[in-house]
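> Predicted model, plus sequence, below.
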2 protein chains.
Amino acid sequence: MREISIVGAGMTRFAKMPERDVIDLGREACIKAIKSSGVPRKDIQIAYCGTARTGQLLNRECGVGQTILLDIGISGIPVTSVGNFCASGSSALREAYLAIASGMYDVALAIGVEKLSVRRGKGLPLTSDGVTLLTALGFSPPAYFAEIATRHMYEFGTTEKQMALVTVKNRGHSRYNPNCQYQTSVTVEEVLASRPIVDPLRMLNCCPTTDGAGAILLCAKDLAWKYTDKPVDIIASSLHFGLYEKNKDMTTFNSDRASGKEAYEMAGLGPEDIDVAEVHDCFSIAEILHYEDLGFCPRGEGGPFVEQGKADIGGEVAINPSGGLLSRGHPLGGTGLAQTTEIFWQLRGEADKRQVPGARVGMTHTMGGFQDSIELADVASSCIHIYRQGW
Amino acid sequence: MREISIVGAGMTRFAKMPERDVIDLGREACIKAIKSSGVPRKDIQIAYCGTARTGQLLNRECGVGQTILLDIGISGIPVTSVGNFCASGSSALREAYLAIASGMYDVALAIGVEKLSVRRGKGLPLTSDGVTLLTALGFSPPAYFAEIATRHMYEFGTTEKQMALVTVKNRGHSRYNPNCQYQTSVTVEEVLASRPIVDPLRMLNCCPTTDGAGAILLCAKDLAWKYTDKPVDIIASSLHFGLYEKNKDMTTFNSDRASGKEAYEMAGLGPEDIDVAEVHDCFSIAEILHYEDLGFCPRGEGGPFVEQGKADIGGEVAINPSGGLLSRGHPLGGTGLAQTTEIFWQLRGEADKRQVPGARVGMTHTMGGFQDSIELADVASSCIHIYRQGW
């Protein structure tokens, strides 16, 4: 397969910004990505825009990417909307990657954007996927991850303190990331004393409601030198959607494991080779499951892994040096490309005070899904990319 | 680039089916495509689902494709939602094509589905893209195409009779297509006497409101022989979105011309080589513009082209032997893959009484877009595929 490099990345600050619309957010991310890349706009040959639910808010289903591009003076190229729940932005990156890999295009732009601070229906629960029967009945994502946390505690002795430590670590990183919605550290005591959401999850175990956008410019590796002397190569791209049968095992995501396995095989690397990873910490317990499912530690040992500092900057693998979803917030389609932007900066040594020393290989992991009220099952899509310094 | 073939295709009947949901429709199309292909389900490695607005109706933004696949027993593969206005289904095919072309996958399933017979908001205008300011003010798609018709009549002397003849031709074909919403012929007099919509367009100049789904199974050409002895090769795939400035020229779509040029170059063919084409006749005037923009006749001569029978089965190029959108109806995401299904059947000689004799090379053309109430411009995406008998 054709080798592919990232040559530019950009994101907005993530925050509640009721005064800005998705077009405005996407435009800022694109302009930053383009400026950081040195790619002239006329070189961009194809674009993808990932959003999970923004169409409803704009009263527009498909035109988000097209409108953003018109606004920055780009037309006459293929533009396609991509949706994959919380992994919509990562899926846009993946389609851009496949488009270049096909040989039909050389330079592509991936956009991810979402606005969660405005809801269509007052009082409707906020999910990545509109309102299904189960969420309308009160079984929203926090309830879902609370069940997972309870089972993980029962099976493996994971503690509320260990879950709190995920938040403490990520919020600690956030102090050095001006793009995060929250940029202050918190203590274990503060997490444990924060407002209960669904037992055992408290407010500070949950990512906040946020607006934001990210954008990535990528090209065939043999052309990357035209634009930058520090390209970041994408050496693996995997996506799996899997049925997650609750009555079978709630403490692992089979889509994570399958997607991780494929990504490692494609990269010819293992978990031990990853220096820095941005993983989908929508809830603190989620990050603990991802440690295990992505192979950073054995099954059931995610709690001790964070407690022993192995996920710290300077630990075995630096997890979420950006502050993660728990600090940056999680505007669905915006998240994946903010993760990739962070890894782009980390591998280029441009991550300022949150820089992971010597980071050469990075990973992003985004997970989305929905609750199927017909099948009484949950469906998860896990999208993983692995990156390496390309110079 | 890797060569790619279609080995199976299927569609539901297109009709108003308030009792069926998009999952049910998509499932039927997929099962038909899979059965027609001989591809075991376990061989399907990736899937895309194109819908333009169905999320709103399902209260679900992204999960349409995933739910359809779970329903037919497929999980553990990448599944991504694709949106591109009325070209959403064609864009799903295109992403499946690029995924195989990349070398990462060998067998892919593209689904396109939509349900237009149920609207979210009572009394809201029906567009391909939710409700924008302009449509809320009454400038809906029929008004838009009426402006185009008026200008084409003024510039080139196109007549209401010539527009009516597009409908007469396509409805004539529909008599032999049990998948069409309307399956009866109409006369020029009936078209001209039908209810006025926006002058000069009458009811029978407009495609009906419809539900339906299509599905296509495609694979690397070198594997096609495993499944069928009559593969249909995709020899070109192009997509352009372009700004359509009304004050410049209303009688041509620059996205059509650019996309057509690219498709012909990729196929190494010209308009004269196309035996049969399914083009986006959402309104009869649209088909006349497409004759011209796709090079089947010179600019301004679309009216005489249909009047002289050159677009008939047995004419210069058989346009819309299926009956087209004017007969089959136009369920946005469903349309593109119904067009591809028709061409698959035509090139395999399986189109029954509407068979185009000796058809070896076919084309599908889908056009979608939106009206940008900020830019006061219109944006169109044109997606074109060219196909050839692969045996």
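Alright, I've got the coordinates. Worth saying up front: this structure is predicted, and the values here are computed from it rather than measured.

> quick one: contacts for the residue of chain A most remote from its centre?
Distance to the chain centre peaks in chain A at A:Gly76, reaching 29.5 Å (criterion: CA atoms, centre = their mean). Neighbour list for A:Gly76: B:240-242, B:254-255, B:258 [criterion: CB atoms under 8 Å, 6 or more residues apart in numbering or on different chains]. In this view, the C-beta of every residue, glycine as well, is placed from N, C-alpha and C.

> Return the closest of these with respect to A:Phe283.
Nearest to A:Phe283 among those is B:Phe241, at 37.8 Å by CB to CB.

> Okay, and the closest one sits in which element?
Assigned by DSSP states H and E, B:Phe241 falls within strand B:232-244.

> Next secondary structure element downstream of the helix or strand of chain A at the bottom of the mean pLDDT ranking?
One helix or strand of chain A scores below all others by mean pLDDT, DSSP states H and E: helix A:54-58, with a mean of 52. Downstream of helix A:54-58, the next assigned helix or strand under DSSP H and E is helix A:64-71.

> pLDDT (mean, whole number) over that next one?
The average of the pLDDT scores along helix A:64-71 is 86.

> before we move on, what about stretch A:159-174?
98.

> returning to that earlier point: would you mark the buried spots in the helix or strand following the strand holding B:Phe241?
Downstream of strand B:232-244, the next assigned helix or strand under DSSP H and E is helix B:254-267. Neighbour-count burial for helix B:254-267, counted by 16 or more other CB atoms under 10 Å in any protein chain shown, picks out B:254-264, B:266-267.

> what inclination does helix B:254-267 have with respect to strand B:232-244?
150 degrees (axes from the mean of the first three to the mean of the last three CA atoms, to 10 degrees).

> Flag every buried residue along the helix or strand just after helix B:254-267.
Using DSSP H and E, the next helix or strand after helix B:254-267 towards the C-terminus is strand B:276-278. By neighbour count, with 16+ other CB under 10 Å as the criterion, the buried positions of strand B:276-278 are B:276-278.

> Strand B:276-278 pairs with which strands?
strand B:318-319 (parallel), strand B:361-372 (parallel) (DSSP bridges).

> most centrally placed residue in chain A?
So for chain A, CA atoms, centre = their mean, it's A:Gly336, sitting 3.4 Å from the centre.

> Export the helix or strand hosting that one to CSV, keeping only CA atoms.
In the assignment (DSSP H and E), A:Gly336 maps to helix A:333-347. Extracted C-alpha coordinates of helix A:333-347, given in CSV (Å, rounded to 0.1, in the frame of the first residue of the first chain):
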residue,chain,number,x,y,z
GLY,A,333,-16.9,14.6,15.3
GLY,A,334,-14.4,17.1,16.6
THR,A,335,-12.6,14.7,19.0
GLY,A,336,-10.8,12.3,16.6
LEU,A,337,-9.0,15.0,14.8
ALA,A,338,-8.1,16.9,18.0
GLN,A,339,-6.5,13.6,19.1
THR,A,340,-4.6,13.3,15.8
THR,A,341,-3.5,17.0,16.1
GLU,A,342,-2.1,16.3,19.6
ILE,A,343,-0.1,13.3,18.3
PHE,A,344,1.1,15.3,15.3
TRP,A,345,2.4,17.9,17.7
GLN,A,346,3.9,15.3,20.1
LEU,A,347,5.8,13.5,17.5
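
> For the strand holding B:Phe241, buried residues please.
Within strand B:232-244, the residues that count as buried by 16+ other CB under 10 Å are B:232-244.

> anything in it near chain A?
Yes: between strand B:232-244 and chain A, judged by CB under 8 Å from any CB of the partner chain, the touching residues are B:237-243.

> Quick check: which helices or strands does that strand pack against?
Applying 3 or more CB pairs under 8 Å, 6 or more residues apart in numbering or on different chains; DSSP states H and E, one finds that strand B:232-244 contacts helix A:64-71, strand B:4-11, helix B:88-101, helix B:254-267, helix B:333-347, strand B:361-372, strand B:377-389.

> one more time with 7 Å
Counting contacts by 3 or more CB pairs under 7 Å, 6 or more residues apart in numbering or on different chains; DSSP states H and E, strand B:232-244 is packed against strand B:4-11, helix B:88-101, helix B:254-267, strand B:377-389.

> Please work out which of those is packed deepest.
Each of those was assessed for mean neighbour count using mean count of other CB atoms under 10 Å in any protein chain shown. The highest is helix B:88-101, with a mean of 30.

> what packs against the next helix or strand after that one?
Once the chain leaves helix B:88-101, the next helix or strand it forms, by DSSP H and E, is strand B:107-115. Packing partners of strand B:107-115 (3+ CB pairs under 7 Å, 6+ apart): helix B:22-37, strand B:46-50, helix B:54-58, helix B:64-71, helix B:88-101, strand B:211-220, helix B:333-347.

> So for the first one, what gets flagged as buried?
Spelled out, it's helix B:22-37. B:22-34, B:36-37.

> Please identify which of those is nearest to chain A.
Minimum distance to chain A across the buried residues of helix B:22-37 is 8.4 Å, recorded for B:Ile23 (CB to the nearest CB).

> Help me confirm that A:Leu326 is found in a helix?
Yes: checked against DSSP: H, G, I helix; E, B strand; the rest coil, A:Leu326 lies within a helix.
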